[in-house]
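Engineer: From the sequence below, what's the structure:
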Amino acid sequence: ALEALNHVGYTNTDMIIILNDNEMSIDKNVGGMSRYLSSIIRNSTVNKVKDEVEKILQVSPGGNIISKTANKVKDSIISKFIPQECSLFESIGIKYYGPVDGHNTKEIIESLNKAKSKKGPVLLHVITKKGKGYRYAEEQPDKYHGVSKFDIKSGIKASNAVSISNQVGQKLSEMANENENIVAITAAMPSGTGLNIFEKNHPNRYYDVGIAEQHATTFAAGLAKNGMKPYFAVYSSFLQRAYDQIIHDVCITSKPVTFLIDRAGIVGNDGETHHGMFDLSYLNNVPNITVMAPKDSKELDLMLELSLKINSPVAIRYPRGNSYYLEVGSYNPINLYSYEILCQGKDIVILAIGSMVKNALEARDILLEDGINPTIVNARFLKPIDKELLDRLFKDHKKVVTIEDNVITGGFSTNINKFIIDNKYDIDITNIALPEEFIPHGSADEIYNSIGLSPIKIAEKIKSL
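Structural biologist: Numbering: from 1, shown residues only. Okay, here's the model as predicted:
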């Protein structure tokens, strides 16, 4: 946004920029810019002073000439009366108007007409209240930022279920009790990522950098360089913004930064901008980073513990939703880059990663009814792959199926396909993944069924083989 303001201030384009300021993103805003805007709100005399000075210049002798031909003189006079709080926008060539009550239609229309009459860019600072008009949302705006169905009269009902995000915050906080070098970073998403729990227990080792994923990544690299063990918790779709920093500031010099990638895969009703469907692909081709995805919440805890032992970049990706336990396979400490056989079968081996392990196991139950007994593998590492286990499996099975909740190009299946080609295995392979298209809004179950990743659709695909 600052880059855009800088550009429009230089080009002097006729443009009205509406800054809708409710002092909230999902949680309360933090940082210097938020403080700057709040200081403007506190000083509501800005526009009144500007208008009065312009009126005086217009009616005084020569005022018209000054107003039209000597803008620098006029601006210097106005600047004597305008508080310094507004100097940022004015100094880069953008006229500032505000703050304006965003819930007062008459005031909004008057302000827009006034802004419309000015030459060059104008920034209209509009103040609104998040959740305005609905008591529950006004009192808890963070809880109502994005919600499922609820009763309007009683509001959102409290749930006893523990979200995966909160589990991560709790586990990281427990780890920090034992390791004083652990620090946590969020980009304005403490409650969304569970780091509000860490903040409560370790306020001096918690950093909210605002909506600034690129800075958060480089900041984490700086902390790691100085001996800290930083954990950056971030939604998968938001980490895309920091791809350059992941490569240049973290991975080239192999800094021990851990990315806790929340909302990986299909996120449901948040829609196509929020599906975390590209992370396995965009991290797969970056050297020096270990990428993991747990089969369930217990294994997620084990991966967090393992990340402490890895002195290089790490990414752990996990889905949206409540904690869940499969209670299948081992829950011993994880050996680095090792896969896990959950069910031994014959003929067909299913390699599933992350949350798709659950779907693969449910698909197996369906297949067993038709006499098909697949081997199920928890392929918990994107890379490096477990070559020793794969070699053994590919000698004993005729068909291979990969399952991932990531776009089909460039992710987990790409690594398995390459391994098969490189070693000239005489087996058939089928890849089941998200299609290479933007997936629309809908519940996660509806979406998985429509794109072929639900247990029943996976089973049907395997039967067709």
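Engineer: And Asp270, how far from Ile211?
Structural biologist: 16 Å (Cβ to Cβ, to the nearest Å). C-betas here are computed from N, CA, C, even on glycine.
Engineer: neighbour-wise, which of those two wins?
Structural biologist: Shown here are Asp270 and Ile211; by other Cβ atoms under 10 Å, Ile211 has more neighbours (19 against 16).
Engineer: Give the partner strands of the lengthiest strand in the chain in its sheet and their orientations.
Structural biologist: Scanning the chain for the longest strand, with DSSP state E as the assignment, gives strand 397-407. According to DSSP bridges, strand 397-407 forms sheet pairs with strand 347-352 (parallel), strand 428-434 (parallel).
Engineer: May I see the buried residues of it?
Structural biologist: Neighbour-count burial for strand 397-407, counted by 16 or more other Cβ atoms under 10 Å, picks out His397, Val400, Val401, Thr402, Ile403, Glu404, Asp405, Asn406, Val407.
Engineer: mind giving me JSON lines with these and columns for pLDDT?
Structural biologist: Formatted as JSON lines, these follow (pLDDT from 0 to 100):
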{"residue": "His397", "pLDDT": "93"}
{"residue": "Val400", "pLDDT": "98"}
{"residue": "Val401", "pLDDT": "98"}
{"residue": "Thr402", "pLDDT": "98"}
{"residue": "Ile403", "pLDDT": "98"}
{"residue": "Glu404", "pLDDT": "98"}
{"residue": "Asp405", "pLDDT": "97"}
{"residue": "Asn406", "pLDDT": "97"}
{"residue": "Val407", "pLDDT": "97"}
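Engineer: Let's have the strands paired with strand 397-407 in TSV, adding mean pLDDT, distance to Met33 and mean neighbour count.
Structural biologist: Formatted as TSV, the strands paired with strand 397-407 follow (pLDDT from 0 to 100; distance: least, Cβ to Cβ, whole Å; neighbours: other Cβ atoms under 10 Å):
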stretch	mean pLDDT	distance to Met33	mean neighbour count
strand 347-352	95	43	24
strand 428-434	97	36	20
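Engineer: mind putting those strands in TSV, distance to Ile109 included?
Structural biologist: Below are these laid out as TSV (distance: least, Cβ to Cβ, whole Å):
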stretch	distance to Ile109
strand 347-352	57
strand 428-434	45
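Engineer: Out of the ones you listed, which gets nearest to Leu280?
Structural biologist: strand 428-434 (9.1 Å; Cβ to Cβ).
Engineer: pull the CA atoms of the closest one into CSV?
Structural biologist: Provided in CSV are the C-alpha atoms of strand 428-434 (Å, rounded to 0.1, in the frame of the first residue of the first chain):
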residue,chain,number,x,y,z
ASP,A,428,1.6,-48.0,-12.8
ILE,A,429,1.2,-44.8,-10.9
THR,A,430,-1.9,-42.6,-10.4
ASN,A,431,-1.8,-39.2,-8.8
ILE,A,432,-4.9,-37.9,-6.9
ALA,A,433,-4.6,-34.2,-5.9
LEU,A,434,-6.2,-30.8,-6.3
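Engineer: Residues in contact with that strand: which ones?
Structural biologist: The contact list for strand 428-434, computed with Cβ atoms under 8 Å, 6 or more residues apart in numbering, reads 265-266, 275, 277, 398-408, 411-413, 416-417, 420, 451-453, 458, 461-462, 465.
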